[in-house]
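*Asks:* Provide a 3D model corresponding to the input given below.
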Amino acid sequence: MKSSGRKALQPRNIFNVPAADTQLQLKKAKAPPLHDDAKDNPVPVPVVESMDASLAEELDAFKKKLERLREDRERTDKMLEERDGALDLKMSQLLQRGELQKSLEIQVDRLFRLKELHSYSSKILPVRSLRAKEQEKRKSFSFETADEPEADSREIASDLSKEANY
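*Replies:* Model (predicted):
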């Protein structure tokens, strides 16, 4: 194979006038003009072979470049799919985290309001314990029934039995 004097990966513009190298090769070959009769005037073989070799090299280089581009595209698509999956996973995790945080904020708000309500109600109406209520009852009964000690002990016993039943 003869080279045309140019690099294989260089782009070739086939629509422009042939390069000076090609014109020189045509002049050197001194090929007579082509006619219908191929026996009398043979086609200049070196020019055709060099052009065919150059075109074959360009076609081969173009095919290799297309193959590399296809492989690059496949790798890029695969990488983008992996990144998309990772981003979807992170997005779902963030959404779950947001929902959890929202529910926790609602619970904290409820607890805060409950604490405020408790402190407000304890200031207004102090809650007495059951023991304090019982002691107050005993005191009131003892003042009323000081004359009847047996009745007082019976009432206390009945109160205790009622509490035991509950």
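
*Asks:* Going along the chain, name the helices of the chain.
*Replies:* Taking DSSP state H, the helices of the chain run over residues 20-29, 45-124, 130-144, 149-165.

*Asks:* What mean pLDDT does the first one get?
*Replies:* The average pLDDT for helix 20-29 rounds to 51.

*Asks:* Please renumber the chain so that the first residue is 26 from this point on.
*Replies:* OK, 26 is where the count begins now, so the last one is helix 45-54.

*Asks:* Rebuild the helices of the chain as CSV, extending it with mean neighbour count.
*Replies:* Just so you know, the C-beta spots here come from the backbone N, C-alpha and C atoms, and that holds for glycine as well. Compiled in CSV, those are given as follows (neighbours: other C-beta atoms under 10 Å):
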stretch, mean neighbour count
helix 45-54, 13
helix 70-149, 11
helix 155-169, 11
helix 174-190, 11
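
*Asks:* averaging pLDDT over each of those helices, which comes out lowest?
*Replies:* Among those, helix 45-54 carries the lowest mean pLDDT, at a mean of 51.

*Asks:* who's in contact with Leu129?
*Replies:* Leu129 makes contact with no residue, according to C-beta atoms under 8 Å, 6 or more residues apart in numbering.

*Asks:* From His143, how far out is it?
*Replies:* Taking C-beta to C-beta, to the nearest Å as the measure, Leu129 falls 21 Å from His143.

*Asks:* And Asp102, by the same measure?
*Replies:* Using C-beta to C-beta, Asp102 is found at 61 Å from His143.

*Asks:* Ile131 too?
*Replies:* 19 Å.

*Asks:* do Leu94 as well
*Replies:* Distance of Leu94 to His143, computed by C-beta to C-beta: 72 Å.

*Asks:* Equivalent analysis for Glu82, please.
*Replies:* As judged by C-beta to C-beta, Glu82 and His143 stand 90 Å apart.

*Asks:* How about Lys90?
*Replies:* Per C-beta to C-beta, Lys90 is found 78 Å from His143.

*Asks:* And for Leu114?
*Replies:* 43 Å.

*Asks:* Could you do Asp134 as well?
*Replies:* Applying C-beta to C-beta, the value for Asp134 to His143 is 15 Å.

*Asks:* swap in Phe87?
*Replies:* Taking C-beta to C-beta, one finds Phe87 at 82 Å from His143.

*Asks:* before we move on, what about Phe166?
*Replies:* Counting by C-beta to C-beta - Phe166 and His143 are separated by 32 Å.

*Asks:* what do you get for Leu155?
*Replies:* For Leu155, the distance to His143 (C-beta to C-beta) stands at 19 Å.
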